[in-house]
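Participant: Give me coordinates for this.
(one chain, ligands or ions: 2)
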Amino acid sequence: MDKKTIFSGIQPSGSLTLGNYIGALRNFSELQDEYNCLYCIVDLHAITVAQEPKELRKNTLDVLALYLAAGIDPEKSTIFIQSHVPQHAELGWCLNTITPLGQLQRMTQFKDKSQRTKEVDAGLLNYPTLMAADILLYQADSVPVGADQKQHLELTRDIAQRFNSRYSDTFTVPEIMTPKVGAKIMSLQEPQYKMSKSSSDKDSYILILDSEDETRKKIKKAVTDSVGVVNFTDEQPGIKNLITIYSSLTGKTPEDIVKMYEGKGYGEFKSDVAEVVVEGLRPIRTKFEEIRNDKEYLEKVYREGAQKASFLGTKTLRKVHKKMGFIPR
Ligand code: ATP
Ligand code: LTN
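Facilitator: Numbering: from 1, shown residues only. Ligands and ions are numbered 1, 2, ... in the order given. Below is the predicted model of the structure:
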């Protein structure tokens with residue numbers, strides 16, 4: 001039987017966080033043998049929020065190097081940059097024409113992000129249809145993402161079903177794949193919000209590429225509570241988040257961790273969490289340093305990736321054009 005297809009993407013909208021790593025990136029390499037995987041750097045999505053062109057170029061290559069450092073193997077998976085495959089934007093346009101405006105306005109990410117900017121551009125509203133295009137273009141069966149992407153995945157499924165019923169069966173309706181532990185890592189400063197690389201508070205996130213000292217400092221500064229007991233409960237969201245981080249990087253269950261820290265203070269717990277994070281990120285940090293400066297290799301990977309992706313994308317887009325009534329070229 002043919003392998004099933006996986007598609008996922010990460011925005012080069014900043015440097016990647018521990019949340020990106022635990023919720024998405026570190027799960028990518030494990031899927032390579034069982035699935036036919038496509039991993040994309042979604043630069044067209046990143047520009048829905050203002051980007052400095054120089055920074056965007058740097059961040060795009062950083063994400064590519066992090067993909068490789070995380071163990072994604074270009075011999076097994078297709079790694080590419082979204083803007084190199086124009087079929088994403090073309091399909092996104094077509095899908096916009098069958099997506100109700102109200103549905104896009106109800107997306108929580110749109111509501112959150114538009115509240116934070118003075119002028120809301122149309123790209124931010126249409127972000128989810130482009131994401132649907134990314135996934136549907138390759139007939140992906142599953143999409144490994146963090147829990148914050150659930151609503152976007154549901155919209156993608158809706159769009160696929162709508163297209164299929166209007167124009168006859170065309171798209172695979174994809175499933176979401178979220179990690180059991182760590183699907184939503186929270187901010188270290190405001191644990192009611194997710195850890196986000198676009199936050200203005202640097203202490204709220206740990207970057208994969210932060211130094212070991214910085215990592216330790218940020219965890220020491222993480223907001224806790226006045227209870228003073230290590231518990232895994234919603235009443236102690238800061239501690240709960242640190243337990244989740246600990247658990248997802250060690251495989252120990254939250255219950256085990258709570259037991260380990262019975263009768264111990266937050267100070268000791270936090271320094272252990274810091275060591276777990278430092279150790280957990282060390283291999284990817286080290287590999288990143290080796291890969292990032294090899295420009296020729298990076299170029300080879302994204303060129304070949306775009307070629308493979310473009311071949312597959314063209315196939316689906318041709319089908320879509322035909323069904324919608326466009327004259328073939
Ligand atoms: P931004 O913060 O700039 O809006 P983001 O980090 O939320 O961006 P992406 O870079 O596109 O968005 O996210 C890449 C992947 O990381 C997605 O699968 C997303 O669900 C996951 N992810 C992002 N933040 C977290 C988090 N705090 N916990 C778990 N997974 C996360
Ligand atoms: N919206 C996603 C990034 C993204 C994506 C995708 C994820 C864009 N296109 C396709 C999976 C599949 C996010 O995590 N913010």
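Participant: Next, give phi and psi for the residue in the stretch 201-329 of the chain that ligand 2 sits nearest to.
Facilitator: Across the stretch 201-329 of the chain, no residue is closer to ligand 2 than A309, which sits at 12.6 Å (C-beta to the nearest ligand atom). Where C-beta positions appear, they are placed from N, C-alpha and C, glycine not excepted. The phi and psi torsions at A309 (degrees, to the nearest 10) take the values phi -70, psi -40.
Participant: And it, how far from S77?
Facilitator: Noted for A309: a distance of 11 Å to S77, by C-beta to C-beta, to the nearest Å.
Participant: if I look at these two, which residues touch both of them?
Facilitator: L38 (C-beta atoms under 8 Å, 6 or more residues apart in numbering).
Participant: and R57, how many neighbours?
Facilitator: Counted with other C-beta atoms under 10 Å, residues neighbouring R57 total 13.
Participant: Distance-wise, check it relative to S83.
Facilitator: 11 Å.
Participant: separation between whichever residue of the chain sits closest to ligand 1 and V145?
Facilitator: Nearest residue of the chain to ligand 1 (C-beta to the nearest ligand atom) works out as G23 at 1.9 Å. Distance from G23 to V145, counting by C-beta to C-beta: 7 Å.
Participant: Find residues that contact each of these two.
Facilitator: Taking C-beta under 8 Å, 6+ apart as the contact rule, G23 and V145 both touch T178.
Participant: and stretch 31-41, is it in reach of ligand 2?
Facilitator: No - against ligand 2, stretch 31-41 shows no contacts by C-beta under 6 Å from any ligand atom, the least distance being 6.8 Å.
Participant: mind listing what's buried in that stretch?
Facilitator: Neighbour counts over stretch 31-41 (16 or more other C-beta atoms under 10 Å) mark 31-32, 35-41 as buried.
Participant: Among those residues, which lie within strands?
Facilitator: Residues of the buried residues of stretch 31-41 located in strands (DSSP state E): 36-41.
Participant: can you list the residues of the stretch 101-250 of the chain near ligand 1?
Facilitator: Residues of the stretch 101-250 of the chain lying near ligand 1 (C-beta under 6 Å from any ligand atom): 145-146, 148-149, 183-185, 194-198.
Participant: Out of the residues you listed, which are close to ligand 2?
Facilitator: 145, 149.
Participant: which of the residues of the stretch 101-250 of the chain next to ligand 1 count as buried?
Facilitator: For these, buried by 16+ other C-beta under 10 Å: 145-146, 148-149, 183-185, 194-197.
Participant: Max pairwise distance over those: which two?
Facilitator: Greatest spacing in those, by C-beta to C-beta: A183 and K197 (16.8 Å).
Participant: T97: neighbour count?
Facilitator: 8.
Participant: isn't M131 right next to Q151, touching?
Facilitator: No - M131 is beyond contact range of Q151, at 10.7 Å (criterion: C-beta atoms under 8 Å).
Participant: Specify which residue of these two has the higher count of neighbours.
Facilitator: Higher neighbour count among M131 and Q151: M131, with 26 against 15, using other C-beta under 10 Å.
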